[in-house]
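*Asks:* Sequence below, structure please.
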Amino acid sequence: MSDLDDKINEQFTGLVVRKDLVKTVKGNAIVPSYVLEYLLGQYCATADEASIQSGIETVKEVLRKHYVHRNEAGLIKSTIREKGRHKIIDKVSVSLNDKLDVYEAQFSNLGIKQVLIDSGTVKKHPKLLVSGVWCIADIEYDHCEEKDIIPWTLSSLKPIQVSQFDFEGYKEARRSFTMDEWLDVLVQSIGFNPEMLGRRNKLFQLIRLIPFCERNYNMIELGPKGTGKSHIYSEFSPHGTLISGGEITAAKLFVNNSSGKIGLVGYWDTVAFDEFAGKTKKANNALVDIMKNYMANKSFSRGVETLGAEASMVFVGNTSRSVPYMLKHSNLFDDLPVQYQDTAFLDRLHFYIPGWEVDIIRGEMFSDGYGFVVDYLAEILRSLRSHDYSHLFKERFELSSDISTRDRNAILKSFSGMMKILFPDESASKKDMQEILEFCMEGRKRVKDQLCKIDETFQATNFYYKDLETGRKYDIVTLEEDLHPGLYAQTQECSDAEIGSEYGYESEPAVPKDPASAAGIVHGKEILVKENSSGFSYKKMFGPCLQGANKIIIEDPFIRTFHQVRNINELIMVILETKPEGEEIDVHLVTAICENNPENQGNFLEQVMDNLNGSGINFSFEFDTGDLHDRCLKMDNGWKIKLGRGLDVFQRFDHNDVFNLANNLQEYRQTKSFGVTYLKH
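*Replies:* Purely as a prediction, here's the structure:
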């Protein structure tokens, strides 16, 4: 186990589980993760390997005996009949039979209906009346000659969720972790390996949890397929429900006027709409109007009476175009159905998660470390819904007076939610608060900026905040605004020449006499790149300064692993492109020896050297035994480039997918945060 795993087990004994066990026990059982982790929490919430293995077998046996597969429903019914009574795990929903004035349960997989259930159980667990709850239930069978009597009897029912928890103990244990450690604990609890995610991506994963701990929080996430947008809302918590297909009626969502039965928003903490995007989809205009009122005022009416609810609403969907295309031709809401491209509806959104920044889920991203039993964390978050942390930054920072009330409320709700998740004990430092505040402001700014593109009656807002101690003002810029400033600001289509300039080239490029100057590179220039940026490459950053050089020295102490040596190889490919025909260039690498596996390191570098024979690149390397710290490129044409992170500026991507654009084109890779400084001697 890692040091973090040891610490989690020490501070939260009996409340954590090894995350890879879910796959181990799931088999072909189609159940949410929180159901499986509930069982694992009963038998495997330990770090002792022998106890874990024993617990796994117990959970498998419980699932084998009691989980109802649809194709085995007949066998389970027979077992209940022969034994007279049997415990099952199934999804149970309840309806009121108003003719007989009784409540009747329906078992989803078992396929039996009209099973009598006492009103006390229904009152205790009202979600049974909506879309169903996963339960452990005892079913009895007692045949009767009278044809109208149902032979099935429900003797006991227990929803699968944690019954109690110590919130004060949770806050106290949180104080034992640093911000970085706690961030990783939560990421592992969701099921991901934190080492595979950058800091910004970790925060995006946690933003998805805000609807579970913040009342009436409205969020949208649009992005490519495969980023796990809906996973949290279907697998993470028994207090959230996912509506597949994105289409629903006002009666089911809010209230049925015929029966007076309240809809999903009255029973669930979070209602998520999956596959919400799609221009061909249609939505009822009346439904959109009710949603707008509910999202703004926490209340709704269908002409009978006005009702209130506290369910948060989440909209997730896939984008069909690239970000530059959307910015040039339309806006970042372009893929939504026409009825939902209503600015009044969009203005109710508190945060826009840019799904194009979130990593596409790959097998190696899943964690085999320890994290909270998700149902325990879900109950903690639910208990935090009654708390308000939005005021915590106000003694240190002040939002711009230009920010409207609606924008301000969105920022405050996002900030409150993130503080609940990351600092339930309110122990955040000034630096931590600043990072969270900027992140929350960016999420709302993304919404507001697009509203200004859609509707000119919306006035552009200067999103900034002030440090009350120093008086310094901090402007907020979204990442796509930083990467595509020309496209981001425009409201009409621009010319191809403008697009070319946006990407760093002209529509009719000329051969420059001074490549570096032509590229806007001058002595002392510094480039600071944000995490999750794209569009960067060695060719764009270094190419102009490499031209005219006959000798290049690369200094980087961390050229050790396969991907780091691959970075060297990719830089040499750029040098080959700039090399005049018939010339040779000396490339020398100075690095530190890898103490863990020096043999592999040497083999990789020798392979690079061998494969360059006859190419015109004379590659050599040496291991510096001194205290090598600097990372830089030195050229004999007078240029020196200081590299904050060295060449290791790109985030992980799938090297095994040969069709992945990121495998061959650096511009399609997401970056880490890094800096580059150009010096001319």
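
*Asks:* Could you give the secondary structure assignment for the residue nearest to the spatial centre of the chain?
*Replies:* In the chain, the centroid-proximal residue (Cα atoms, centre = their mean) is Gln205; its distance is 2.9 Å. Classification of Gln205 by DSSP: H, G, I helix; E, B strand; the rest coil places it in helix.

*Asks:* mind checking how far it is from Glu221?
*Replies:* Distance, Gln205 to Glu221, using Cβ to Cβ, to the nearest Å: 11 Å. In this view, the C-beta of every residue, glycine as well, is placed from N, C-alpha and C.

*Asks:* residues contacting Asn193?
*Replies:* Asn193 makes contact with 187, 364-369, according to Cβ atoms under 8 Å, 6 or more residues apart in numbering.

*Asks:* Widest-spaced pair of these?
*Replies:* Across the contacts of Asn193, the longest distance by Cβ to Cβ is 14.5 Å; it joins Val187 and Glu364.

*Asks:* Looking at these two, which is more packed in?
*Replies:* A direct count of neighbours by other Cβ atoms under 10 Å for Val187 and Glu364 places Val187 higher, at 23 against 10.

*Asks:* Wasn't that one part of a helix?
*Replies:* Yes - assessed by three-state DSSP, Val187 belongs to a helix.

*Asks:* Correct me if wrong: it contacts Glu195.
*Replies:* No - Val187 is beyond contact range of Glu195, at 9.5 Å (criterion: Cβ atoms under 8 Å).

*Asks:* Quick check: which ranges of this protein have low pLDDT?
*Replies:* 28, 131, 163-164, 246, 303-304, 490-513 (pLDDT under 70).

*Asks:* any idea which residue of it is furthest from its center?
*Replies:* Glu145 (56.4 Å).

*Asks:* re earlier: intersection of neighbour lists for Gln205 and Glu221?
*Replies:* Contact criterion Cβ under 8 Å, 6+ apart; residues shared by Gln205 and Glu221: Val358.

*Asks:* my guess is Thr591 meets Asp556, correct?
*Replies:* Yes - Thr591 lies in contact with Asp556 (Cβ under 8 Å); the separation is 5.7 Å.

*Asks:* Can you verify Lys466 is assigned to a helix?
*Replies:* No - Lys466: not assigned to a helix; according to three-state DSSP it is strand.

*Asks:* Not counting its neighbours along the chain, what's nearest it?
*Replies:* Glu398 (4.8 Å; Cβ to Cβ, 6 or more residues apart in numbering).

*Asks:* In this structure Lys281 contacts Pro337, no?
*Replies:* Yes - with contact defined as Cβ under 8 Å, Lys281 and Pro337 form a contacting pair (4.4 Å).

*Asks:* Check which helix or strand Leu633 maps to.
*Replies:* If you go by DSSP states H and E, Leu633 is part of strand 632-635.

*Asks:* Now do the domain split for this protein, please.
*Replies:* 70-159, 169-381, 389-486, 516-680 (automatic domain parsing).

*Asks:* Between the ones you listed, which one is closest to Gly41.
*Replies:* For Gly41, the closest of those is domain 169-381, at 3.8 Å, according to Cβ to Cβ.

*Asks:* That closest one: end-to-end distance?
*Replies:* From its first residue to its last, domain 169-381 covers 14 Å (Cα to Cα, to the nearest Å).

*Asks:* What of stretch 128-143?
*Replies:* Note: stretch 128-143 ends 26 Å apart using Cα to Cα.

*Asks:* Okay, buried residues for that stretch please.
*Replies:* For stretch 128-143, the neighbour count (16 or more other Cβ atoms under 10 Å) marks 128-137, 139-141 as buried.

*Asks:* for the longest helix seen in the chain, packing partners?
*Replies:* Determined from DSSP state H, the single longest helix within the chain is helix 430-454. For helix 430-454, the packing partners by 3 or more Cβ pairs under 8 Å, 6 or more residues apart in numbering; DSSP states H and E come out as helix 199-207, helix 343-346, strand 351-354, strand 397-399, helix 405-422, strand 464-467, helix 479-483.

*Asks:* Adding distance to Lys158, write these out as CSV.
*Replies:* Shown next, in CSV, are the helices and strands packed on helix 430-454 (distance: least, Cβ to Cβ, whole Å):
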stretch, distance to Lys158
helix 199-207, 30
helix 343-346, 40
strand 351-354, 35
strand 397-399, 46
helix 405-422, 28
strand 464-467, 48
helix 479-483, 46
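
*Asks:* of all the ones you listed, which lies closest to Tyr376?
*Replies:* Closest approach to Tyr376 among the helices and strands packed on helix 430-454 is made by helix 405-422 (14.2 Å; Cβ to Cβ).

*Asks:* mind listing what's buried in the closest one?
*Replies:* Within helix 405-422, the residues scored as buried using 16+ other Cβ under 10 Å are 407-408, 410-422.

*Asks:* same check, this time on stretch 85-97
*Replies:* Quick answer for stretch 85-97 (16+ other Cβ under 10 Å): 86, 88-94.

*Asks:* Can I get that stretch as PDB, trimmed to CA atoms?
*Replies:* What follows is stretch 85-97, C-alpha atoms only, in PDB (Å, rounded to 0.1, in the frame of the first residue of the first chain):
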ATOM      1  CA  ARG A  85     -39.000 -17.200   2.700                       C
ATOM      2  CA  HIS A  86     -35.800 -15.900   1.000                       C
ATOM      3  CA  LYS A  87     -33.700 -12.700   1.200                       C
ATOM      4  CA  ILE A  88     -33.100 -10.900  -2.200                       C
ATOM      5  CA  ILE A  89     -31.200  -7.900  -3.500                       C
ATOM      6  CA  ASP A  90     -33.400  -6.000  -6.000                       C
ATOM      7  CA  LYS A  91     -34.600  -2.600  -7.100                       C
ATOM      8  CA  VAL A  92     -38.000  -1.900  -5.400                       C
ATOM      9  CA  SER A  93     -40.600   0.700  -6.400                       C
ATOM     10  CA  VAL A  94     -43.900   1.300  -4.700                       C
ATOM     11  CA  SER A  95     -47.200   2.700  -5.900                       C
ATOM     12  CA  LEU A  96     -50.500   3.500  -4.200                       C
ATOM     13  CA  ASN A  97     -53.500   1.400  -5.200                       C
END
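
*Asks:* re the thing from before, and the longest helix of the chain, what's buried?
*Replies:* Within helix 430-454, the residues that count as buried by 16+ other Cβ under 10 Å are 432-454.

*Asks:* and the angle from it to helix 405-422?
*Replies:* Comparing the axes of helix 430-454 and helix 405-422 via axes from the mean of the first three to the mean of the last three Cα atoms, to 10 degrees yields an angle of 140 degrees.

*Asks:* now the angle from helix 430-454 to helix 199-207?
*Replies:* The directions of helix 430-454 and helix 199-207 differ by 80 degrees, with the same axes, to 10 degrees as the criterion.

*Asks:* thinking again about what came up before, quick check, nearest of the buried residues of stretch 85-97 to Ser230?
*Replies:* Once Cβ to Cβ is applied, the member of the buried residues of stretch 85-97 that ends up nearest Ser230 is Lys91, at 18.0 Å.

*Asks:* give me the element Asn569 is part of.
*Replies:* helix 562-578.

*Asks:* tell me which strands and helices the longest strand along the chain is in contact with?
*Replies:* Using DSSP state E to define each element, the chain has its longest strand at strand 85-97. If you count contacts as 3+ Cβ pairs under 8 Å, 6+ apart, strand 85-97 packs onto helix 49-66, helix 73-83, strand 102-107, strand 133-141.

*Asks:* 10 Å - rerun?
*Replies:* helix 33-43, helix 49-66, helix 73-83, strand 102-107, strand 115-117, helix 119-124, strand 133-141, strand 152-159 (3 or more Cβ pairs under 10 Å, 6 or more residues apart in numbering; DSSP states H and E).
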